[in-house]
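**Student:** only geometry, no sequence info:
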């Protein structure tokens with residue numbers, strides 16, 4: 001299964017015109033992501049990233065909904081683990 005995660009662009013390095021690299025915040029964790037394929041992406045925009053590449057631009061509402069879905073999946077997985085016998089927490 002592939003997973004793309006929304007993040008917010010905090011800066012963009014344009015020193016190499018052939019490779020735009022952005023610093024993107026994923027819940028406070030900053031990663032360098034290639035945004036070369038999204039010339040319209042700018043500081044403050046949300047992007048959907050997978051394996052170091054920005055796949056598309058999202059609006060803030062789409063990003064929020066995606067993050068809420070991840071949080072809900074995490075909560076459900078933790079609940080499921082808690083219900084299995086023999087699991088120490």
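**Tutor:** That came in fine, so what should we check first? Just so it is clear, the model here is predicted, and its values are computed rather than measured. Numbering: from 1, shown residues only.

**Student:** quick one, longest strand in this structure?
**Tutor:** Taking DSSP state E as the criterion, the chain has its longest strand at strand 5-13.

**Student:** strand 5-13 and the helix or strand residue 23 falls within, what's the angle between them?
**Tutor:** Assigned by DSSP states H and E, residue 23 belongs to strand 21-26. Counting by axes from the mean of the first three to the mean of the last three C-alpha atoms, to 10 degrees, strand 21-26 lies at 140 degrees to strand 5-13.

**Student:** can you name the next helix or strand after strand 21-26?
**Tutor:** Sequence-wise, the next helix or strand downstream of strand 21-26 (DSSP H and E) is strand 29-34.

**Student:** and the strand or helix carrying residue 72, how far from the chain's centre?
**Tutor:** Secondary structure assignment for residue 72, by DSSP H and E: helix 60-83. Centre-to-centre, helix 60-83 and its host chain are 14 Å apart (C-alpha atoms, centre = their mean, to the nearest Å).

**Student:** tell me what that helix is packed against?
**Tutor:** Applying 3 or more C-beta pairs under 8 Å, 6 or more residues apart in numbering; DSSP states H and E, we find helix 60-83 packed against strand 5-13, strand 46-50. Glycine gets a C-beta too; all of them are placed from N, C-alpha and C.

**Student:** which of those strands sits most buried?
**Tutor:** Most buried of those, by mean neighbour count (mean count of other C-beta atoms under 10 Å): strand 46-50, with a mean of 20.

**Student:** quick one: contacts of that strand?
**Tutor:** The contact list for strand 46-50, computed with C-beta atoms under 8 Å, 6 or more residues apart in numbering, reads 2-9, 22, 24, 26, 31, 33, 35, 38, 41, 54-60, 62-63, 66.

**Student:** just the buried ones from those residues?
**Tutor:** Taking 16 or more other C-beta atoms under 10 Å as the criterion, what is buried in the contacts of strand 46-50 is 5-9, 22, 24, 33, 35, 38, 41, 54, 57-58, 63, 66.

**Student:** how about low-confidence regions in the chain?
**Tutor:** 1, 83-89 (pLDDT under 70).
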